[in-house]
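Novice: Below: sequence and its predicted model.
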Amino acid sequence: MGILNITPDSFFAESRFIQNESMLLERAEKMLQEGAKILDIGGYSSRPGAADIDTTTEIQRIAPAVRAIKEKFPEALLSIDTFRHEVALVAAAEGADIINDISGGELDVDMIPAVGKLKLPYICMHMRGNPETMQAKTEYNNIEKDILSFFNEKLNQCLKAGINDVIIDPGFGFAKTIEQNYRILKNLSYFKSIGCPILAGVSRKSMIYKTLDISPEEALNGTTALNMVALVNGAKILRVHDVKEATETIKLYKYIYP
């Protein structure tokens, strides 16, 4: 899954493509050529401390991007990174294939029912609070059990709403300390018990660059290392900024574990 952020303030500058259709299409084409199976389009920055934007602004960013990419690359699978059902509905009307919700329906109670009516696959991520408050909500009794309990509850909600394809994402960096992120990565296989594909999104995140005392721009090598760990521990989808390197990692992983 290649990341395309239609935002001015995502933490990794090279993933930003706001209001530049030609650059967006060029980047989308490059990702598809490098092996991306899904393009994840986001119009709301969810980095820690990110400022809120209104629904209208998010739609104005997302809708033209989905329309342009679907027109040029009709076979591309497009995932929409949003926690608002209104955005999901508009994006689906433009041809989006998957809804990727960082809040698992917690920030919009209408999201899961809306996705159920759309009959689209749903990526359910674990987070507490919102991007502005999440880093103050890192207290857990037992982090693996707490997250699994969250997913079990959400899976029941999804099934009742008519969502048949659910992907779970433990939410690296969302309401977790660096230590907790590494604990989750080490024990990622724990979440296989729920029976849903696992998405891992560690690409260039602070758990890498703060640990190595580098910048996000220097965090590709660390990303590749952790992506391999994620695959070994059960991840089925890697959400990345750098598709070529992730594709190579998957190829080598499959060579070891055919």
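Specialist: Good, I have the coordinates. Numbering: from 1, shown residues only.
Novice: Neighbours of the nearest residue to M134 once chain neighbours are set aside, how many?
Specialist: The shortest distance from M134 to any residue other than its chain neighbours is 4.2 Å, reached at A175 (CB to CB, 6 or more residues apart in numbering). C-beta here means a position set from N, CA and C on the backbone, and glycine is covered the same way. Counted with other CB atoms under 10 Å, the neighbours of A175 add up to 22.
Novice: quick one: average pLDDT of the strand or helix carrying N221?
Specialist: If you go by DSSP states H and E, N221 is part of helix 220-232. The pLDDT scores in helix 220-232 average 98.
Novice: Name the next helix or strand downstream of it, please.
Specialist: Scanning forward in sequence from helix 220-232 by DSSP H and E, the next helix or strand is strand 235-238.
Novice: in this structure, which spans are strands?
Specialist: In the chain, the strands defined using DSSP state E lie at 2-5, 38-42, 77-81, 98-101, 122-125, 166-169, 198-200, 235-238.
Novice: Can you give the contact residues for the third one?
Specialist: Under the contact criterion CB atoms under 8 Å, 6 or more residues apart in numbering, strand 77-81 has outside partners 1, 37-44, 46, 62, 66, 69-70, 87-88, 91-92, 95-100, 102, 123.
Novice: again with the fifth one
Specialist: Judged by CB under 8 Å, 6+ apart, the contacts made with strand 122-125 from elsewhere in the structure are 79, 98-105, 112, 115, 151, 154-155, 158, 163, 165-171, 174, 199.
Novice: just the buried members of the contacts of strand 77-81?
Specialist: 1, 38-44, 46, 62, 66, 69-70, 87-88, 91-92, 96-100, 102, 123 (16 or more other CB atoms under 10 Å).
Novice: what's next to stretch 26-36, contact-wise?
Specialist: 1-2, 4, 17, 39, 69, 72-73, 76, 243-244, 246-247, 250.
Novice: Most neighbours among these, which one?
Specialist: Top of the contacts of stretch 26-36 by neighbour count (other CB under 10 Å): G2, with 29 neighbours.
Novice: Could I get the full set of helices for the stretch 101-250 of the chain?
Specialist: 111-118, 143-161, 178-186, 206-212, 220-232, 243-256 (DSSP state H, counting those that start in this stretch).
Novice: Out of these, which one sits most buried?
Specialist: helix 111-118 (a mean of 21; mean count of other CB atoms under 10 Å).
Novice: what's the angle between it and helix 143-161?
Specialist: 40 degrees (axes from the mean of the first three to the mean of the last three CA atoms, to 10 degrees).
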